[in-house]
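Student: What follows is a predicted protein model with its sequence.
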Amino acid sequence: MIIGNIEGIRKVELDRLESLLDYRMEKDNIIDEYVVSILADITEKTNREVSIMIDRRGKIFSIGIGDSESADLPPIDSLAKRKILSGFRNVHTHPSGNSTLSELDLTAGLNLKLDLMMSIGVKDGRPTMANIAYLKVSEDEQFRMEEKGPYTLEEIVDINFSSFVGEIEKQMNVLQYLIEQNVEKEKAILVGVELNQSQSLLDIESSLDELEQLAITAGAEVIGKIEQKRDKIDKAFYIGKGKLKELAYLRQKENANLIIFDDELSGSQIRNLEEVLGVKVLDRAALILDIFASRAKSKEGKLQVELAQLKYRLPRLVGLGTVLSRTGGGIGTRGPGEKKLETDRRHIHRQINDLEKQLKEIEKHRELQKNRREKGNIPIVSLVGYTNAGKSTIFNSLTESDVMAENKLFATLDPTTRQLVLPNQQKVLLVDTVGFINKLPHDLINAFKSTLEEAKYADLLLHIVDASNPEMGKQIMVVKNILKELGAGEKNQIVVFNKIDKQNEQLQFTYPTIKEEKVKISALSKEGIEHLLNKIKDNIGDNRRIVTLKIPYDKGNILSALHERGKVLHEEFTNEGTQIEIEMDKSLIEKYKNYSIS
Ligand SMILES: Nc1nc2c(ncn2[C@@H]2O[C@H](COP(=O)(O)OP(=O)(O)OP(=O)(O)O)[C@@H](O)[C@H]2O)c(=O)[nH]1
Ligand SMILES: [Mg+2]
């Protein structure tokens, strides 16, 4: 395949160029005259750069066509596997006739650790001179590109390539150890598309800012953002051709090795993009999964992440792992259990089944705990909210615990429960939970359902909002939508605006209007905490009622269930059955309303 701008090039020329993929040169030659003649000819006819990658066996591995100034570098694989040089050299033409290597050529050679970078000037369909550049270790033990030339083509053909490359590698061996030590951050470019009829809550800039936070949390360095407005997404590449070119250029110029899209990509989009860009392409879902994978601590959390990852991979098998196969490690390849993520469909199905079974077991166990809690009849208060809103900080300050709270997204994955004593001495269980985010991947919601559903069993939700975030109104909507999806949308809720200590003259908060009870606090300065405790007390009380029921004598099981689930205040035996006065949850009262006599 030829990558790049092939528009307007005649088929016969493309065919001739493509035939090079079946051609093999002498392995000791940098280049031979036959290949040069074809490159020069096509360059002349199209007035564009033609660029090829050649491997150590003399085989032409890939071909790219650019414009008159530059060409996207054709992709090469197995880059990550080699430690010293990539094992590929690039030869490209300059339609200007001048063979001097450009800055971009030199940085690309350096960054891709090419065996050699060579440019050939082309004039009137004939090669003029050639320049070469290769890696050299400088005095300060850094790599840089050494440029040589111009040479005539005869001089180039005379060079014995195998011994030439051998020399470079010998020199570099010394530094190999240092390179291995130096684990670099992945350099990422973020890409977002805003559809003209978008349903999305966050606008594109905020969404990309959030994606940046996610990328940083995953350990990447964000070096660029690209956005596009479109009517609909491009089936093959998600973004339009022009944007793709812009992205490829930025990628090459900044030497990014990771592209992250803000929306879910299909398997074939990932494959197409990786093929053109030559680097790893992820989407927001994969990034979030990766963060979850590196955060999961409990057995259940790990199993859930693994399940979500497999479910994400299954429909994308065609796309994942084609170019620069993910053997290189880094973001998007991490998973619990250190297991290499499988690529075989049947095997994945089996693993999914297996994981689901294991998770069911754990869930059953939790179900038991839940029943026991209900028996103890202690009300449950769950902290929910957008990631980084301050849930864990509030949890810690209310219960004097030390759950990890940090300025990272998804710091908490596993729910933690502690007892909390309210000002009226009533005991409740406080649960800290995993945070929500816009565009939370569906596979993740499904895999984490049992964890997320903690909210469903709560008597009261404390919906924590980061009031210092300019997007708080939208974040509230996102949380409400997810709660609804989890079947907890109608729960008794207090909205807690947190971080009010950040409010000052510069930073004024604009609170959205909401119908729920609200409290403003600072978990850091503890302002408003007392007020919050009182609000919890009032709202928990709200949920319980005292009723009088009469249970027929043949319904002994119901009577004992009531004893378990509520607080019996008075019990008396009448002709028709046992009459009890009982304090219990509103939802239960509904259930037993047939026996009610009050
Ligand atoms: N200024 C200020 N910062 C706060 C306050 N509460 C929390 N933070 C900070 O906000 C960041 C996130 O807090 P966490 O408690 O980890 O947030 P979380 O909601 O548990 O986040 P996830 O577990 O990632 O969903 C931390 O850096 C906290 O120190 C507050 O009242 N004021
Ligand atoms: Mg937390």
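Tutor: Here it is on my side, so go on. Ligands and ions are numbered 1, 2, ... in the order given.

Student: Are stretch 527-544 and ligand 1 in contact anywhere?
Tutor: No: Stretch 527-544 stays clear of ligand 1 (CB under 6 Å from any ligand atom), getting no nearer than 8.3 Å. For the C-beta atoms, the positions are set from N, CA and C on the backbone; glycine is no exception.

Student: Rounded mean pLDDT for that stretch, please.
Tutor: Averaged over stretch 527-544, pLDDT sits at 86.

Student: And it, how far out from the chain middle?
Tutor: On the basis of CA atoms, centre = their mean, to the nearest Å, stretch 527-544 sits 37 Å off its chain's mean C-alpha point.

Student: Format the CA atom coordinates belonging to that stretch as CSV.
Tutor: C-alpha atoms of stretch 527-544 as CSV (Å, rounded to 0.1, in the frame of the first residue of the first chain):
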residue,chain,number,x,y,z
GLU,A,527,-16.3,24.7,56.7
GLY,A,528,-19.9,23.5,56.6
ILE,A,529,-19.2,20.0,57.7
GLU,A,530,-21.4,20.3,60.8
HIS,A,531,-24.2,21.5,58.7
LEU,A,532,-23.7,18.6,56.3
LEU,A,533,-23.9,16.1,59.2
ASN,A,534,-27.2,17.7,60.4
LYS,A,535,-28.6,17.6,56.9
ILE,A,536,-27.7,13.9,56.7
LYS,A,537,-29.5,13.3,60.0
ASP,A,538,-32.6,15.2,58.8
ASN,A,539,-32.7,13.3,55.5
ILE,A,540,-32.1,9.9,56.9
GLY,A,541,-34.9,10.4,59.4
ASP,A,542,-37.1,11.4,56.5
ASN,A,543,-36.8,8.0,55.1
ARG,A,544,-38.2,6.1,58.1
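
Student: Please identify the buried residues of it?
Tutor: By 16 or more other CB atoms under 10 Å, the buried positions in stretch 527-544 come out as 528-529, 532-533, 535-537, 539-540, 544.

Student: again with stretch 480-499
Tutor: By neighbour count on 16+ other CB under 10 Å, the buried set for stretch 480-499 is 480, 482-483, 486, 488, 491-499.

Student: Stretch 426-433 too?
Tutor: Counting neighbours by 16+ other CB under 10 Å, one finds that the buried residues in stretch 426-433 are 428-433.

Student: what residues does this protein put near ligand 2?
Tutor: By CB under 5 Å from the ion, the part of the chain that sits against ligand 2 consists of 391-392, 411-412.

Student: Could I get the phi/psi values of Met404?
Tutor: phi -60, psi 120 (degrees, to the nearest 10).

Student: hmm, I was thinking of Ile132
Tutor: When read as degrees, to the nearest 10, the backbone of Ile132 gives phi -130, psi 160.

Student: So in terms of bridging, what pairs with it?
Tutor: Following DSSP bridges, Ile132 is listed with bridge partners Met118, Lys148.

Student: What residues does it make contact with?
Tutor: 30, 116-118, 147-149, 151, 156 (CB atoms under 8 Å, 6 or more residues apart in numbering).

Student: Can you tell me how far it is from ligand 2?
Tutor: For Ile132, the distance to ligand 2 (CB to the ion, to the nearest Å) stands at 55 Å.

Student: cool, and Leu153?
Tutor: Taken as CB to the ion, the span from Leu153 to ligand 2 is 64 Å.

Student: Report the contact partners of that residue.
Tutor: Listed by CB under 8 Å, 6+ apart, the contact set of Leu153 reads 33, 36, 120, 127, 129-130.

Student: Tell me the pLDDT of Glu26.
Tutor: For Glu26, the pLDDT comes out at 89.

Student: and it, that one's in a strand?
Tutor: No: counting by DSSP: H, G, I helix; E, B strand; the rest coil, Glu26 is not part of a strand but coil.

Student: Alright, calling it a day.
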